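> here's a sequence, model it:
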Amino acid sequence: QVQLVESGGGLVQAGGSLRLSCAASGRTFSSYAMGWFRQAPGKEREFVCAISGIGGRAYYPDSVKGRFAISRDNAKNAVYLQMNSLKPEDTAVYYCAAVRTLGSAYIHQSDKYDYWGQGTQVTVSS
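Numbers count the residues shown, from 1 in each chain. Reported below is the predicted structural model:
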């Protein structure tokens, strides 16, 4: 069982930056693939980025590539999302998610993840 707690959300002006953190419980954190997803009001949950357990390979959709960066610190059981050049369309609740093993072909699919945090609100004003 893995418990995830996000933090770091808030209100920021367009062009600004935020860093989200996700603290995870569990002794085998390093073997989990970790993902960030977001959901805006009235929209479906959207893949933001992910990082594999072994090797720490990062995955990004085009919508955030070059602006967002995911990283992990296995010693601290934590994963981070650095968000730069934020846009109003980045406004959403951001969720951290974990899955024990997941192939790269599926890492963007929210229904493949087993554990979810409660979410943290990110609001970008124009």
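
> ranges for the strands of this protein?
Using DSSP state E, the strands of the chain run over residues 4-7, 10-13, 18-24, 33-39, 46-51, 58-59, 68-73, 78-83, 92-99, 115-116, 120-125.

> and the first one, what other elements does it pack with?
Contacts defined by 3 or more Cβ pairs under 8 Å, 6 or more residues apart in numbering; DSSP states H and E place strand 4-7 against strand 18-24, strand 92-99. Every C-beta, even on glycine, is put in place using the N, C-alpha and C of the backbone.

> please apply the same query to the fifth one.
The helices and strands touching strand 46-51, judged by 3+ Cβ pairs under 8 Å, 6+ apart, are strand 33-39, strand 58-59, strand 68-73, strand 78-83.

> which outside residues touch the shortest one?
Just to be clear, that refers to strand 58-59. Outside strand 58-59, the residues that touch it by Cβ atoms under 8 Å, 6 or more residues apart in numbering are 49-52, 69-71, 104, 107-108.

> again, only using 10 Å
Contacts to strand 58-59, defined as Cβ atoms under 10 Å, 6 or more residues apart in numbering, come from residues 33, 35, 47-52, 65, 68-72, 104, 107-108.

> show me what that strand pairs with in its sheet, parallel or antiparallel.
Paired neighbours of strand 58-59 in the sheet (DSSP bridges): strand 46-51 (antiparallel).

> of the contacts of strand 58-59, buried ones?
Buried by 16 or more other Cβ atoms under 10 Å: 33, 35, 47-52, 68-70, 72, 107-108, out of the contacts of strand 58-59.

> ok, back up a step: most neighbours per residue, which of the helices and strands packed on strand 4-7?
strand 92-99 (a mean of 23; mean count of other Cβ atoms under 10 Å).

> related to what we said a few turns ago, closest one to residue 16 among the helices and strands packed on strand 46-51?
When those are compared for distance to residue 16 using Cβ to Cβ, the nearest one is strand 78-83, at 8.8 Å.

> helices or strands up against the closest one?
strand 4-7, strand 18-24, strand 33-39, strand 46-51, strand 68-73, strand 92-99, strand 120-125 (3 or more Cβ pairs under 10 Å, 6 or more residues apart in numbering; DSSP states H and E).

> nice, that's everything, thank you.
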